[in-house]
Every structure is written in C-alpha cells, then in structure tokens.
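Enquirer: For reference, the sequence and a predicted model appear below.
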Amino acid sequence: MQTRLFGRTGMRLSVLGFGCGAVGGIMVRGDPADQERLVARAIATGVNYFDTAVLYGDGESEKNLGRVLHRLKPANVVVGTKVRVPPSEFGRITDAIAMSLEGSLSRMRLDRVDIFHLHNPITITGGGSALSVRQVLDDVVPAFERLRQQGKIRFLGISAVGDTAALHQVIDAKAFDSAQIVYNMLNPSAGEDLPENYPAQDYERLFDSTKGAGVGVVGIRVLAGGALSGSAERHPIASPAPEPIGSAMSYDADLGRARRLMPLVEEGFCGSLTEAATRFALSHPAMGTILVGMATPQQFEDALAAVQKGPLPRAALDRLAALRQGFSGEAR
C-alpha cells in the first residue's frame, strides 16, 4: 500500500483510508464478525487510517471500531473522529467539545485520538448548524489546543464544508493540521478550475491553500455518496441515497451525470466507474488519503484493486475533462 506524507504532521497515511461512516454502513449496521474481518483485512493490506464520527449511527461506529481495534490491537494505526457542536451549545463551545471528545474516547476505548475534526459547516457569518470563521478561530481552535495540551488529541482538523471563502480563510490561518475535502469526478474544483457555469460548488482550488498551509488532505465523497457507481441500487446495510455535498442539488442529478461519464469505461480507460472515481481522487498530488465507505468486504476489495492500479493516466483525465464540459450551463 502506498503511503503519502500527511501535510506538516510528519505522519505517513495509506492512500486508501477506511471510512467508518453511515453511507457505506459496515461499521454502523454490519455484523460484528464481518466488521472484525474487514478491519483485519484492511490492516493486513496496509491501510492505516480509520475515520469515524460520533454522528455515524449515534456513536455506534465509534463503539464498533473501538471494539474491533481493542481485539486486534494493531500497531501504528491512525484514528480520526469528529465533533459537531449543536447550535444549542454555541454559547459554551469549549465545554461541548471537551464532553464530546470524552464520549468518543470512551466508546473507542482510547486515551487519545490522532486527528479530531470539527464536523460543523463553516461559513463567513455562521447561522443554523454552521459556525462562523471567527467562532472557529476564536473558540474552537483554543478548545482543541487545550485538548492537545492534555494529550487527548494529536492533530486538529476540519470538515471543509460550508462557504468556499470561509474554508479558505480557516485553512490559510494555519491553525489546523487536517482538512476533509470534497473531491470527485463530478466536482474537482478543489484541485482545478471549473468550466464556466458548471453545476457545482466552486471550492476555488482549495488544495492550493492546503499546500501553502501544510494541511493534510483527507478526500471525502470520492464516490459522491455512491452516485459515481453509476447504479441507483443501495446495499441493505448502506444508508439511503445521501444528500450531495458540493455537487448537484439532488442525488438523482449526480447519478445522471455520473452515467454520462461511462465512456471512460466503454473506451477502456478503466474497468468500472467506481474504479475511475477511486483512481481519480488519487491523481492529485495534494491528496493525502481518500475515504471509501463500504457495505461489503467486496467493496473494500474493489477499492483496494483500484488503488493498486494507481492514479488515472493523463489521457483518462483529459477525456474526463472533455466529458465534464457537457455539464456546463445545466441547472445544479
């Protein structure tokens, strides 16, 4: 398994990370024996980053990951989890973050977590479930730093969702070590310029900011929540089709556009759309590790096989860019 240096942290993370979220569902709703077998298989292949959150199954993902890691006792795995501060707690952010982390550590049977990500959206002025740039830098960062000084977290992270301008401001502040960034074949704007009137959020080359700030990148939504399989079918333990992040306004629209990328398969650039999507996410040098959620062991094997083929070649990336031009001007 190839590893990449993760920003300024000094850690080397496997290019394929293990997503423990609710979209794939194996670590939330899977059979306990299947969970253990799959995590053991992932570790055996060189996967060393496991990503979870208290929101995934209301703590079930953390609990299951903790149980499995406690049994397997692997050396040198890196665990990341997240905190989402509810709006009712915005007046006591420091206490809310500390309490959330204590719960996460207890469920995972850990003394500390390697990366602790803020899970709230970030916008310029805040509102709703979003935190403002000022709240993040003035309240969240000191709360995270206090936990780091206590030895309960190693590195600080954000989920880079919200306003593009706000995300650039927070990353440029160099307070965080990790950012989870949407990057996929339907929306590559974190890494390149979008065509005119393209139907997606423009992240305005966010990877330029992460590189400048020494922030490690965790690629999220690399399969656009499953839409980039090109199939509407969902596995019984997977979540229902999720709300898109950064791409179309509906999952069905993402699915429709994904199917229009099938020439990549038909013309022999790759064996499947999911293979193309997985390899695409690794094609940008700013990418540290990509998260692929799984419902079945076979989905892990498919992701592993794709990763082992390496990034997409230039000819495939050029063909993809030409296909994407056709989306310009369409309603998001």
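Expert: Received it, and whenever you're ready, just let me know what you need.

Enquirer: For this protein, just list every one of the strands.
Expert: Ranges of strands within the chain are 3-5, 12-14, 16-19, 49-51, 78-83, 113-118, 122-123, 131-132, 153-159, 178-182, 216-220, 289-293, based on DSSP state E.

Enquirer: The last one - which strands sit beside it in the sheet, and in what orientation?
Expert: Spelled out, it's strand 289-293. Sheet pairing of strand 289-293 (DSSP bridges) gives strand 16-19 (parallel), strand 216-220 (parallel).

Enquirer: mind showing which ranges of the stretch 201-332 of the chain have poor pLDDT?
Expert: Nowhere does the stretch 201-332 of the chain drop to pLDDT under 70.

Enquirer: What residues are bridge-paired with the residue nearest the centre of the chain?
Expert: With distances taken as CA atoms, centre = their mean, Ile220 lies nearest the centre of the chain, 2.6 Å away. Under DSSP bridges, the beta-bridge partners of Ile220 are Val182.

Enquirer: ok, it - contacts?
Expert: Shown in contact with Ile220 (CB atoms under 8 Å, 6 or more residues apart in numbering): 159, 180-183, 245, 291. From N, CA and C alone the C-beta is placed, and that goes for glycine too.

Enquirer: Can you redo those as TSV, where the extra columns are neighbour count and distance to Gly57?
Expert: Shown next, in TSV, are those (neighbours: other CB atoms under 10 Å; distance: CB to CB, whole Å):
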residue	neighbour count	distance to Gly57
Ser159	23	17
Gln180	24	18
Ile181	28	23
Val182	25	22
Tyr183	30	25
Ile245	17	19
Leu291	25	16
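
Enquirer: Next, the residue in the chain sticking out farthest from the centre: phi, psi?
Expert: The centre of the chain is farthest from one residue, Glu267, which by CA atoms, centre = their mean lies 29.3 Å away. For Glu267, the backbone dihedrals (degrees, to the nearest 10) come out as phi -90, psi 10.

Enquirer: Identify the residues contacting it.
Expert: Counting by CB under 8 Å, 6+ apart, the residues that Glu267 touches are Arg319.

Enquirer: how close does it sit to Ala42?
Expert: Per CB to CB, to the nearest Å, Glu267 is found 32 Å from Ala42.

Enquirer: now Leu147
Expert: 27 Å.

Enquirer: and these two? which has more neighbours close in?
Expert: It is Ala42, of Leu147 and Ala42, that has more neighbours when counted by other CB atoms under 10 Å, with 25 against 21.

Enquirer: close enough to count as contact, the more buried one and Phe18?
Expert: Yes. Between Ala42 and Phe18 there is a contact at 5.2 Å, judged by CB atoms under 8 Å.

Enquirer: returning to what we had before: dump the strands of the chain to TSV, plus distance to Lys309.
Expert: Output for the strands of the chain, formatted as TSV (distance: least, CB to CB, whole Å):
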stretch	distance to Lys309
strand 3-5	16
strand 12-14	15
strand 16-19	12
strand 49-51	20
strand 78-83	24
strand 113-118	27
strand 122-123	35
strand 131-132	39
strand 153-159	28
strand 178-182	23
strand 216-220	17
strand 289-293	14
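
Enquirer: Determine the longest helix present in the protein.
Expert: helix 93-108 (DSSP state H).

Enquirer: circling back: right, so of the strands paired with strand 289-293, which gets closest to Tyr251?
Expert: Tyr251 lies closest to strand 216-220 among those, at 15.7 Å (CB to CB).

Enquirer: May I have the closest one as CSV, with CA atoms only?
Expert: The C-alpha trace of strand 216-220 is given here as CSV (Å, rounded to 0.1, in the frame of the first residue of the first chain):
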residue,chain,number,x,y,z
GLY,A,216,-3.0,17.3,5.2
VAL,A,217,-6.0,16.4,2.9
VAL,A,218,-8.5,13.6,3.6
GLY,A,219,-10.5,13.1,0.4
ILE,A,220,-14.2,12.7,1.1
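
Enquirer: Go ahead and measure how far it is from the middle of the chain.
Expert: 6 Å (CA atoms, centre = their mean, to the nearest Å).

Enquirer: That strand to strand 153-159, inter-axis angle?
Expert: 50 degrees (axes from the mean of the first three to the mean of the last three CA atoms, to 10 degrees).

Enquirer: and strand 216-220 with strand 78-83, angle?
Expert: 70 degrees.

Enquirer: Strand 216-220 to strand 113-118, inter-axis angle?
Expert: Using the same axes, to 10 degrees: strand 216-220 against strand 113-118 is 70 degrees.

Enquirer: Return the residues in contact with the nearest residue to Arg112 once chain neighbours are set aside.
Expert: Nearest non-adjacent residue to Arg112, counting by CB to CB, 6 or more residues apart in numbering: Lys152, 5.0 Å away. Contacts for Lys152 were tallied using CB under 8 Å, 6+ apart; they are 101, 105, 111-113.

Enquirer: farthest-separated two in those residues?
Expert: Among the contacts of Lys152, Leu101 and Asp111 lie farthest apart (CB to CB), at 11.4 Å.

Enquirer: what about those two, which has more around it?
Expert: Shown here are Leu101 and Asp111; by other CB under 10 Å, Leu101 has more neighbours (23 against 8).
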